[in-house]
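S.K.: Compute the structure for the input listed below.
(chains A and B)
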Amino acid sequence: MSEQTETGALRLENVTKIFGQGSSQVRAVDDVSLTIQSGEFVTLLGPSGCGKTTTLRLIAGFEFPTSGRLLLDEKDIANVPPNLRPMAMVFQSYALFPHLNVFENVAYGLRLRKMPEAEIKEAVNIVLHMMNLVGLERRNPNQLSGGQQQRVALARAMVMKPKLLLFDEPLSNLDAKLRTQMRMEIRRLQQRMGITSVYVTHDQMEAMSLSDRVVVMNRGKIEQVGTPEEIYQRPATMFVADFIGRANFVETDVLALDGRLAIVDVYGQKVQLACSPEIRVGQKAYAMIRPEAINLSSRTSNYMAEVKTAVYLGNSVEYEVEIEQNLLKVVDYDPTPGMMFREGSFVSMTFDPERSYLLPK
Amino acid sequence: MQSLSLNRSLREYRRLASDWTLLLGLVVVVVFLAVAIVWPLLKILGVGFSADALALYRKYFSSPVYLRIMWNTVELGLVVGAVGTLLGFLFAYVQVRLDVPLKKFMNLMALLPIISPPFAVATAAIVLFGRGGLITYQLFGIRNNLYGFRGLVLVLSLSLFTVAYLNLKGMMEALDPALDEAATNLGANKWAVFRTVTLPMLIPGIAGSFLLLFVEAIADLANPLVLGGDFTVLASRVYIAISGEYDTLAGAVLSLILLVPSLTVYLVQRYWVSRKSFISVTGKPSGRHQSIRNPLVRWGLFAVVMLISLLILMLYGTVVVGAFTKLFGINFDFTLANFEFVIMGLGSQAMGDTSAMSAISTPIAGLLGMVIAWLVVRKSFAGRAVLDFVAMLGIAVPGTVLGIGYLLAFNAPLKIGNNVLLPALAGGTALAGGWIAIILAYVVRSVPAGLRAGVASLQQIDPAIEEASISLGADSSVTFRKITLPLIRPAFFTGLVYSFARAMTSLSAVIFLATPEAKIMTAQILNEVDAGRFGNAFAYCVILIGLVLAVIGLLYVVVGTSNGVERDLGRAR
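M.R.: Now for the predicted structure:
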């Protein structure tokens, strides 16, 4: 498989896709540029309608860009029809051929390549073995469980040894437990085969656990590209901060700036926060504070907050507290038994500046 | 922006054109529709709006005789629409909601009219319930006058209600039983559930069925010809104008008058009522409905539907018995003379010609239907809604209107200067003895059924399945052959069955196109009925039904699976 690590580098240059005509035009993908290294696992993440699926379909060739270039290993593929692109796609609905059995589903693409029968058999058997599908060759898709169908869809794509694997929300039809399991399986296979992969999802857990890099999209545009840690800890925009995990935003003034550190005033206390490069002194800004970065205690201090709601979840307790007319979300991941704060009680509040970030307004 | 969008549609077409199979399919479809539908309709419009024609409109709309004919037509449409829909509703309700014996039998009786030739029911009704009818006169001594409005309503309702039945049955099966349960849970009794939940949900289906039956009833030619008596409708008046008075202009004008309500009601049904539907018919029954337990309702409905089923059985039984009888009702001696006439005698040419022309048109119509459906559902190009609409005109336009259009368009060769662009396809000097025009008419009338079945079937199939095939390296034509066609095989089968049955039994669209070299069975049946030779007519009907059933059986073996045929037939209209 070593030759595959050399190829499969994909570059999108100012790709735009407009649907519809005249006044009903929709810019589904708006001036997107992105470089994906060969062997990399990249996830397109965003809410529904953000353009992530359209981007994937542009890469696959099911849609053609209105403008912009698409380069695979530095060759422009924008006008190559989808059946001639060296890519294989795993669909949300699996899209197994209902009139063909498991073996024939997996063999379909190889037969189109006119591969000799013996080689087809060998290749299909290897993939079925790898995907734990041995013994199901003669079954029809409707006789398989959801997880098995998913694995056949994966096998059918893998057997083609594509330069690029495309995933369109492949796990969204599975139950939570199976989803976690398949997630790990996909990651393991991708690492072993070293195939460049583009994965579309709206599930941040999936994106975080699978990807080398995550591309967060909103309204057809890229909001941020980064490793899972980067997008969680150093979100580029309020949208990213809010979409990845949960966040509180506290409005504040920027008092001083020292490189990428800013001094701000949060509820009367001066703290030093890591900040976005767009932050300027004297501007208003938002301190992004993750719920788990806030600490509540029964001591009295200058920051007294009122507990509005308290929800016990077993391994954690979730609070909403009010301070200066703002509601803040707080999560306590390590609650001391019997020490839950009651609704209506007053608590003192501190937060960890290390786990917070300053964003421009 | 303007140039950008123009650029985009140009690119759309270029992309379509780069796939030669697709381009070929599109060109074939467009040429076919232009020649077989658009051109004849334009011809009839041209004649219908000429200066001579305008004088005729004035005459017709001020003459009490003609106003009477127009009112007759509408009245017949309204009453048949109502009665037929009621029949369809009762049959469907019994099938879906009642736990009673003999449901299969009742289902069969409701489906029988699909393969039945015109005249079969009408002729049987005459010999059973007419002036000298076996039941009315010989049993009860009543000189019943069946000819006219009442007879037409009876026969047309019994012949056409299948559409309403299949439509409403599909809808009732798709109704979520949870809705009934929710209403019951909120305190509604069975009657209240029916009145406040079931019925309102079915209103679009009921309205749609009514409108479709209206269109079919006013377009029908066969029954008014043999049963109309003094009760003349537009379709039969058109026939008299062309066949009796040789007045093509009057025929064209009258058929345009008929076209207006037909097309209007059809369009209302298709683009308005069907959109109002709350229920998407997926073909999957969505759970088990609780059957109605009230014995009065249960056995009352059972009795009504059973009686109607028995009436249908009796009518078709009469056709079969009559075919083997010297003179039904008077001389019941067994004879094979009727069949001899049809198979070996004077009638055999019509049988052979009609079967051959139907056999040729069937695969053409079936395949065209699937290709148009595929283009309309799966491909994006400007004008695909127009394509769908024009293809559907084949059924929306009454057969008599289409027939006159063909007469006008194909009786003389189409010339530009002195060059013959298209030789005459119909009439005495026609190419291939007039076969081509008749086959074209058969195809045009049959394509819509396959098209609707194909569209419905394709919409059920996840487009990702075809994309998966393309992503694995197959082009459009391989994908259509290896993936799409196998998946829509039931719809394809429906299209073929329907095409053959429709061609064999069609009368109105082709009666003006028959030539000595291209004889049509249904037209022969009309002659026999007119001459009072009911035995020969019955024999024709039996053979026609037999041929259609045999071909359905053959198709079943060749194309396989009949899964969902019934359902698709319901959607086919």
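S.K.: Show me the domain layout of the chain.
M.R.: Chain wasn't specified; assuming chain A. Chain A breaks down by automatic domain parsing into domains covering A:2-238, A:246-360.
S.K.: my question was about chain B
M.R.: B:17-44+B:340-573, B:50-310.
S.K.: Looking at the ones you listed, which one is packed in the most?
M.R.: Mean neighbour counts were taken over the domains of chain B using mean count of other C-beta atoms under 10 Å in any protein chain shown, and the top value, a mean of 20, falls to domain B:17-44+B:340-573. C-betas here are computed from N, CA, C, even on glycine.
S.K.: Relative to the whole chain's centre, how far out is that one?
M.R.: With C-alpha atoms, centre = their mean, to the nearest Å as the basis, domain B:17-44+B:340-573 stands 12 Å off its chain's centre.
S.K.: Do you know the pLDDT at the residue of chain B found nearest chain A?
M.R.: Closest contact between chain B and chain A, by C-beta to the nearest C-beta, is at residue B:472 (3.4 Å). Looking at residue B:472, its pLDDT reads 92.
S.K.: Next, the contact list for it, please.
M.R.: A:83, A:88, A:108-109, A:112, A:156, A:160 (C-beta atoms under 8 Å, 6 or more residues apart in numbering or on different chains).
S.K.: Identify whichever of the domains of chain B lies nearest to residue A:304.
M.R.: domain B:50-310 (49.5 Å; C-beta to C-beta).
S.K.: quick one: is the closest one near chain A?
M.R.: No - Domain B:50-310 lies out of reach of chain A by C-beta under 8 Å from any C-beta of the partner chain, never closer than 12.7 Å.
S.K.: that older thread, can the domains of chain B go into JSON lines with extra columns for distance to residue A:342?
M.R.: Formatted as JSON lines, the domains of chain B follow (distance: least, C-beta to C-beta, whole Å):
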{"stretch": "domain B:17-44+B:340-573", "distance to residue A:342": "52"}
{"stretch": "domain B:50-310", "distance to residue A:342": "39"}
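S.K.: Contact residues of the stretch 51-200 of chain A facing chain B?
M.R.: With C-beta under 8 Å from any C-beta as the criterion, the stretch 51-200 of chain A meets chain B at residues A:60, A:62, A:64, A:66, A:81-85, A:87-89, A:91-93, A:95-99, A:108-109, A:112-113, A:156, A:160, A:166.
S.K.: Could you say which helix or strand holds residue A:255?
M.R.: According to DSSP states H and E, residue A:255 maps onto strand A:248-258.
S.K.: Show me what that strand is packed up against.
M.R.: Packing partners of strand A:248-258 (3 or more C-beta pairs under 8 Å, 6 or more residues apart in numbering or on different chains; DSSP states H and E): strand A:261-266, strand A:269-275, strand A:284-289, strand A:326-332, strand A:356-360.
S.K.: Show residues contacting the first one.
M.R.: When contacts are taken as C-beta under 8 Å, 6+ apart, the neighbours of strand A:261-266 outside the stretch itself are A:250, A:252-257, A:270-275, A:279, A:285, A:287, A:351, A:358.
S.K.: what lines up beside that strand in the sheet?
M.R.: Here strand A:261-266 has these sheet partners by DSSP bridges: strand A:248-258 (antiparallel), strand A:269-275 (antiparallel).
S.K.: Let me have these in TSV, extended by mean pLDDT and mean neighbour count.
M.R.: Below are these laid out as TSV (pLDDT from 0 to 100; neighbours: other C-beta atoms under 10 Å in any protein chain shown):
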stretch	mean pLDDT	mean neighbour count
strand A:248-258	90	16
strand A:269-275	87	17
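S.K.: need these in CSV with distance to residue B:551, can you?
M.R.: CSV is the format used below for the strands paired with strand A:261-266 (distance: least, C-beta to C-beta, whole Å):
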stretch, distance to residue B:551
strand A:248-258, 73
strand A:269-275, 79
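S.K.: quick one, which of those strands is nearest to residue B:36?
M.R.: Of all the strands paired with strand A:261-266, strand A:248-258 sits nearest to residue B:36, with 66.8 Å by C-beta to C-beta.
S.K.: So which residues of the stretch 1-150 of chain B form helices?
M.R.: B:2-17, B:20-33, B:39-48, B:51-62, B:64-97, B:103-111, B:120-129, B:149-174 (DSSP state H, counting those that start in this stretch).
S.K.: for the fourth one, the distance to its chain's centre please.
M.R.: Mean-position distance between helix B:51-62 and its chain equals 31 Å (C-alpha atoms, centre = their mean).
S.K.: That one to helix B:64-97, inter-axis angle?
M.R.: Orientation check (axes from the mean of the first three to the mean of the last three C-alpha atoms, to 10 degrees): helix B:51-62 against helix B:64-97 gives 80 degrees.
S.K.: list the helices and strands helix B:51-62 packs on?
M.R.: For helix B:51-62, the packing partners by 3+ C-beta pairs under 8 Å, 6+ apart are helix B:64-97, helix B:248-271.
S.K.: what's the answer for the fifth one, then?
M.R.: The contact analysis (3+ C-beta pairs under 8 Å, 6+ apart) places helix B:64-97 against helix B:51-62, helix B:103-111, helix B:149-174, helix B:199-219, helix B:234-239, helix B:248-271, helix B:295-323.
S.K.: coming back round to it: now which of the residues of the stretch 51-200 of chain A next to chain B would you call buried?
M.R.: A:60, A:62, A:64, A:66, A:81-83, A:85, A:87-89, A:91-93, A:95-97, A:108-109, A:112, A:156, A:160, A:166 (16 or more other C-beta atoms under 10 Å in any protein chain shown).
S.K.: returning to that earlier point: out of the helices of the stretch 1-150 of chain B, flag the one nearest residue B:545.
M.R.: helix B:120-129 (7.7 Å).
S.K.: Averaged pLDDT, that closest one. What do you get?
M.R.: Mean predicted confidence for helix B:120-129 is 89.
S.K.: Other residues contacting that helix?
M.R.: B:113, B:133-136, B:144, B:146, B:151, B:154-155, B:158-159, B:222-223, B:226-227, B:314-316, B:318-319, B:322, B:328-329, B:529, B:534, B:537-538, B:541, B:545.
S.K.: So which of the domains of chain B is nearest residue A:310?
M.R.: domain B:50-310 (35.7 Å).
S.K.: What residue in chain A comes nearest to chain B?
M.R.: residue A:109 (3.4 Å).
S.K.: Leaving out sequence neighbours, find the closest residue to that residue.
M.R.: What sits nearest to residue A:109 in space, not counting adjacent residues and going by C-beta to C-beta, 6 or more residues apart in numbering or on different chains, is residue B:472, at 3.4 Å.
S.K.: Can you pull the phi/psi pair for that neighbour?
M.R.: phi -90, psi 10 (degrees, to the nearest 10).
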